[in-house]
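Engineer: Predicted model and sequence below, questions to follow.
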Amino acid sequence: MNYKTHINGGILASLYITSQIHNVELLHTAIFIGGSMLGSLLPDIDHRSSYIGNKAKPVSRVINKLAGHRKLFHSPLLYLILYFIADIFILNKFGISFNKGLFLGIMSHLLLDSFTIGGLPWFYPISKKRFSIGKIKTNSQLEFTFCGILIFINILILLDLLKITSIFTFTQG
C-alpha cells in the first residue's frame with residue numbers, strides 16, 4: 001500500500017474510535033489522531049523509497065540493512081512490546097493519547113498490508129510465513145479505489161462527529 005492509503009487507514013481507525021468515546025477534550029483527540037497518522041506510516045521506515053523512508057533516509061537505510069523490508073518492522077510482536085514499555089514510562093495524559101494513537105496507526109498499517117499480494121509475517125520472528133487476505137498490488141487501480149473508499153468513509157465519520165450530518169450515525173447521542 002502507498003502512504004496515502006496508510007494515512008487514510010490510520011485516520012479511519014482513529015476517527016472511528018474517537019466517534020465511540022464521549023467527553024474527550026479536543027486536544028486529546030487531535031493528539032490521538034496525529035499519533036495514528038504517524039503510526040500508519042512508521043512500519044515503512046524499513047523501506048528506503050517509502051514516504052517516511054525518504055524523510056528519514058539515514059535511519060531508513062540502517063534499518064533496512066539490519067532488518068530488511070516487511071520483517072521486524074512489520075511484526076506486531078515488536079510493536080506490542082514497544083507499546084507496553086512506552087505505556088509504563090509515559091505518565092502524562094497527552095503522551096498516553098499519542099502512544100495509543102501511534103499503536104492504533106501501526107496496527108492499521110499492518111492490517112492494510114495484509115491485503116496486499118506480498119502479505120505480512122504476522123508472527124515474525126517466530127515464523128517468517130506471510131499471510132495475505134487480499135490481492136491488492138501497491139499503486140494499482142484497485143488500491144486507488146480502496147483509498148478513495150477510505151477517504152469517503154473518513155469524510156462521513158468526520159461530518160457525523162461535527163454533527164453536520166448523520167447518514168450512518170457513527171456516534172451515539
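Structural biologist: That came through, no problem. Numbers count the residues shown, from 1 in each chain.
Engineer: State the number of residues packed around residue 84.
Structural biologist: Counted with other Cβ atoms under 10 Å, the neighbours of residue 84 add up to 10. C-betas here are computed from N, CA, C, even on glycine.
Engineer: Over to the one 5 residues further on?
Structural biologist: A total of 8 residues lie near residue 89 under the criterion other Cβ under 10 Å.
Engineer: what separates it from residue 83, distance-wise?
Structural biologist: According to Cβ to Cβ, to the nearest Å, residue 89 stands 11 Å off from residue 83.
Engineer: and what of residue 95?
Structural biologist: Taking Cβ to Cβ, one finds residue 95 at 13 Å from residue 83.
Engineer: Same question for residue 137.
Structural biologist: Residue 137 is 30 Å from residue 83, by Cβ to Cβ.
Engineer: Between these two, point out the one with more neighbours.
Structural biologist: Between residue 137 and residue 83, counted using other Cβ under 10 Å, residue 83 has the larger neighbour count: 18 against 13.
Engineer: Quick check: chain neighbours aside, which residue is closest to that one?
Structural biologist: residue 103 (4.7 Å; Cβ to Cβ, 6 or more residues apart in numbering).
Engineer: residues in contact with the one you found?
Structural biologist: By Cβ atoms under 8 Å, 6 or more residues apart in numbering, residue 103 lies in contact with 39, 79, 83.
Engineer: pLDDT score assigned to the last one?
Structural biologist: This means residue 83. With respect to pLDDT, residue 83 scores 96.
Engineer: list the buried ones in stretch 91-98?
Structural biologist: 96-98 (16 or more other Cβ atoms under 10 Å).
Engineer: Next, find the distance separating residue 120 from residue 30.
Structural biologist: Residue 120 is 29 Å from residue 30, by Cβ to Cβ.
Engineer: Have a look at those two and say which one is more surrounded.
Structural biologist: residue 120 (24 against 14).
Engineer: Let me see the backbone angles for that one.
Structural biologist: phi -140, psi 140 (degrees, to the nearest 10).
Engineer: quick one: contacts for it?
Structural biologist: 70, 74, 110, 113-114, 130-132.
Engineer: burial measure for the spatially closest residue to residue 50 that is not a sequence neighbour, as a count.
Structural biologist: Excluding the flanking residues, the one nearest residue 50 by Cβ to Cβ, 6+ apart is residue 44, at 3.7 Å. Neighbour count of residue 44, defined by other Cβ under 10 Å: 25.
Engineer: That's all I had, so thanks and see you.
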